[in-house]
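In: turn this into a structure:
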Amino acid sequence: SQDVSATGAEEFFAFELDLLTGLLAKAAVVRAQDEKLRIFLEQAADRLMAEGKKLLVFTEYRATQSYLKEALERRFPHAGEVLQINGSMKLEDKLAAIAAFNEGPNCFMISTEAGGEGLNLHRACHVMINYDLPWNPARLVQRIGRLYRYGQKETVVVVNLHARDSFDNAAIDLMLQRVAQIAQDMAPGGTKYNDRLHADILG
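Out: Residues are numbered from 1 along each chain as shown. Coordinates of the predicted model:
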C-alpha cells in the first residue's frame, strides 16, 4: 500500500475537514437567521392562514421541501399535515396527497418540479409561491399551470420569492431576460403584446 504521508493526502484531508467544519458552522448561522424563510412565513403563510386559504409552494429541491415542511408544521401545528409531492413518490401516493389537499383540512402543499408535473391542484387552491425559481421560464409556466386550469374559480395569485444579494437574484435576472426574449419573439408584428405575454409567463 502507498504511504499516505508521502503523498500529502493526510494533510489534504485534514484541511478539507477543517474547511467543511467551518462551512457547516456558517450554514447553521444562516439557517438560524434565514430572512427568506422569515418573509415567506410572516408575509405569505401567516396572511393566508388568517384568510383561511390554502397554499401551494414550489421548490426546486427536496432538501428545501423538507426544510419548509418542518418550518410550516412548527409554526402552524393545528393546520393539518403539510403535504408533499416529489419525483420519488409513486403516482398513487401523489394522487392521495392531492386528494387530501383538495378535499381535506390540509392548508399547505409543497411540490418539487418533478412532483407536480402534469398534476392538477386547482380545485381548492389559487395561491402559489415559488420559493425558488427555475432557470427555464417554461418550467415556471408549467408550475403556474397546476393552478391556472379550466374550472379554477378564483384569480390565480403567483408570488415569486427571492432573497436579496443572493444566487436567487442571478436566477431571476436571467429568467426575466429569457421571458423578455420570449415575449419579443412571440409578439405578433411589434411590441404591442409584449407586456401581456410577459405577465402571462410570470403569472
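In: drop to CA atoms for contacts and neighbour counts, all remaining ones
Out: Fine.
In: spatially central residue in the protein, please.
Out: Nearest to the mean C-alpha position of the chain, by Cα atoms, centre = their mean, lies Thr59 at 2.2 Å.
In: tell me, what's the model's pLDDT at that residue?
Out: Listed pLDDT for Thr59 reads 92.
In: Gly22 now?
Out: 86.
In: can you count the residues close to it?
Out: 11 (other Cα atoms under 10 Å).
In: so what's the gap between the helix or strand containing it and the chain middle?
Out: With elements taken from DSSP states H and E, the one containing Gly22 is helix 9-32. From the chain centre to the centre of helix 9-32 is a distance of 27 Å (Cα atoms, centre = their mean, to the nearest Å).
In: can you offset everything so residue one is 33?
Out: Right, with 33 as the first residue, what we last looked at is helix 41-64.
In: for the helix or strand just after it, buried residues please.
Out: Where DSSP H and E defines the elements, the next helix or strand beyond helix 41-64 is helix 67-71. Of the residues in helix 67-71, Leu69 count as buried by neighbour count, 16 or more other Cα atoms under 10 Å.
In: strands along the chain, start to end?
Out: 87-91, 115-117, 140-144, 159-162, 189-192 (DSSP state E).
In: closest to Leu127 out of these?
Out: With Cα to Cα as the measure, strand 115-117 is the member of these nearest Leu127 (8.9 Å).
In: check the offset of the closest one from the chain's centre.
Out: For strand 115-117, the distance to the chain centre is 12 Å (Cα atoms, centre = their mean).
In: and stretch 104-113, by the same measure?
Out: The answer for stretch 104-113 is 18 Å, by Cα atoms, centre = their mean.
In: how long is that stretch end to end?
Out: End-to-end span of stretch 104-113 (Cα to Cα, to the nearest Å): 9 Å.
In: avg pLDDT for it?
Out: Rounded mean pLDDT across stretch 104-113 is 91.
In: can you add distance to Val62 and give the strands of the chain back as CSV?
Out: Output for the strands of the chain, formatted as CSV (distance: least, Cα to Cα, whole Å):
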stretch, distance to Val62
strand 87-91, 19
strand 115-117, 25
strand 140-144, 22
strand 159-162, 20
strand 189-192, 21
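In: and those strands: which comes nearest Ala129?
Out: The nearest among the strands of the chain, by Cα to Cα, is strand 115-117 at 6.2 Å.
In: pull up the pairing partners for that closest one, direction included.
Out: Strand 115-117 sits in its sheet next to strand 140-144 (parallel), going by DSSP bridges.
In: rewinding a little: which parts of the helix holding Gly54 are buried?
Out: Per 16+ other Cα under 10 Å, helix 41-64 contains no buried residues.
In: okay, it in PDB with CA atoms only?
Out: The C-alpha coordinates for helix 41-64 follow below in PDB (Å, rounded to 0.1, in the frame of the first residue of the first chain):
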ATOM      1  CA  ALA A  41      -3.100  13.100   1.200                       C
ATOM      2  CA  GLU A  42      -3.200  13.100   5.000                       C
ATOM      3  CA  GLU A  43      -2.600  16.900   5.100                       C
ATOM      4  CA  PHE A  44      -5.200  17.400   2.300                       C
ATOM      5  CA  PHE A  45      -7.900  15.600   4.100                       C
ATOM      6  CA  ALA A  46      -7.100  17.300   7.400                       C
ATOM      7  CA  PHE A  47      -7.500  20.700   5.600                       C
ATOM      8  CA  GLU A  48     -10.700  19.500   4.000                       C
ATOM      9  CA  LEU A  49     -12.200  18.500   7.300                       C
ATOM     10  CA  ASP A  50     -11.500  22.000   8.800                       C
ATOM     11  CA  LEU A  51     -13.000  23.600   5.700                       C
ATOM     12  CA  LEU A  52     -16.200  21.600   5.900                       C
ATOM     13  CA  THR A  53     -16.500  22.200   9.600                       C
ATOM     14  CA  GLY A  54     -16.200  25.900   9.100                       C
ATOM     15  CA  LEU A  55     -18.800  25.800   6.200                       C
ATOM     16  CA  LEU A  56     -21.300  23.800   8.400                       C
ATOM     17  CA  ALA A  57     -20.900  26.400  11.200                       C
ATOM     18  CA  LYS A  58     -21.600  29.200   8.700                       C
ATOM     19  CA  ALA A  59     -24.600  27.300   7.300                       C
ATOM     20  CA  ALA A  60     -26.000  26.900  10.800                       C
ATOM     21  CA  VAL A  61     -25.800  30.700  11.400                       C
ATOM     22  CA  VAL A  62     -27.500  31.400   8.000                       C
ATOM     23  CA  ARG A  63     -30.300  28.800   8.800                       C
ATOM     24  CA  ALA A  64     -30.900  30.400  12.200                       C
END
